[in-house]
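In: quick one: sequence and predicted model below, then my questions.
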Amino acid sequence: MIRRILVIALVLCAAVAACGKKAPPRPLHFVIPQVSDLKAVASGKAITLSWTLPDPKAEAARTRIFRSALQTEAGDCPGCPRQFELITELLPVELKPENGLAKFTDYNVKNGFLYSYKLTLCNSAGICGEQSNTAETRFRVRYE
C-alpha cells in the first residue's frame with residue numbers, strides 16, 4: 001500500500017515538473033516588410049501606383065492604401081498638411097504583379113488635385129507594419 005502511494009506521488013511530481021518553463025507568455029515576433037519604393041504616375045484618367053513585391057516568405061496578407069487629395073492653385077505646396085484616408089485594402093490575389101512589381105490603379109481622381117499616397121502591409125492577424133514612403137503626383141487631364 002505504501003509502495004503504491006509512493007509510486008503515485010512520484011508520478012504526480014514528475015508530471016508537475018515536466019509541464020515546461022513557467023513564465024508569462026511572450027508576444028510572437030512578426031516580420032512584416034515595409035515598402036520603401038512606392039511610386040505614383042498619372043496617366044490618362046487615373047493614377048497608377050507601383051511598388052516592389054515583398055518576399056513571399058514575409059507575412060503580408062493585406063495591403064492597405066491611403067490617399068491624400070489636395071487642391072492647390074499654384075505649385076505642389078510641400079508645406080501643406082496632409083490628411084490621409086484609407087481608400088482600399090487589397091489581398092495578394094488582387095494585386096496586378098508585373099516584373100516583380102505590384103500595381104494598383106486609382107480611378108477616383110479629379111483634375112487639378114495633388115495626390116499623395118502611402119501604403120502598409122498587414123499580416124493575417126491584422127497587425128500592420130510601418131508605412132511606406134510617400135508618393136505624390138499632380139493629376140491633370142490634357143485636352144487635345
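Out: Perfect, thanks for sending it. Numbering: from 1, shown residues only.

In: quick check, central residue of the chain?
Out: The centroid of the chain falls nearest to Leu121 when counting by C-alpha atoms, centre = their mean (1.4 Å).

In: ranges for the strands of the chain?
Out: Secondary structure of the chain (DSSP state E): strands at 39-43, 46-52, 62-71, 85-90, 101-106, 113-122, 135-139.

In: can you list the strands that the second one pairs with?
Out: The strands beside strand 46-52 in its sheet (DSSP bridges) come out as strand 39-43 (antiparallel), strand 101-106 (antiparallel).

In: which one is Thr88 nearest to, not counting chain neighbours?
Out: Ile65 (5.1 Å; C-beta to C-beta, 6 or more residues apart in numbering). C-betas here are computed from N, CA, C, even on glycine.

In: ditto for Ser124
Out: Per C-beta to C-beta, 6+ apart, closest to Ser124 is Ala61, 4.1 Å.

In: next one: Glu59
Out: Asn123 is the one closest to Glu59 (C-beta to C-beta, 6+ apart), at 3.9 Å.

In: ditto for Ile32
Out: That would be Gly129: by C-beta to C-beta, 6+ apart, it lies 3.4 Å from Ile32.

In: please report the distance of that neighbour from Leu38.
Out: Remark: distance between Gly129 and Leu38 (C-beta to C-beta, to the nearest Å) = 13 Å.

In: so the nearest residue to Arg138 once chain neighbours are set aside bridges to which residues?
Out: Leaving aside its chain neighbours, Arg138 sits nearest to Leu114 (5.0 Å; criterion: C-beta to C-beta, 6+ apart). Counting by DSSP bridges, Leu114 forms beta bridges with Leu70, Arg138.
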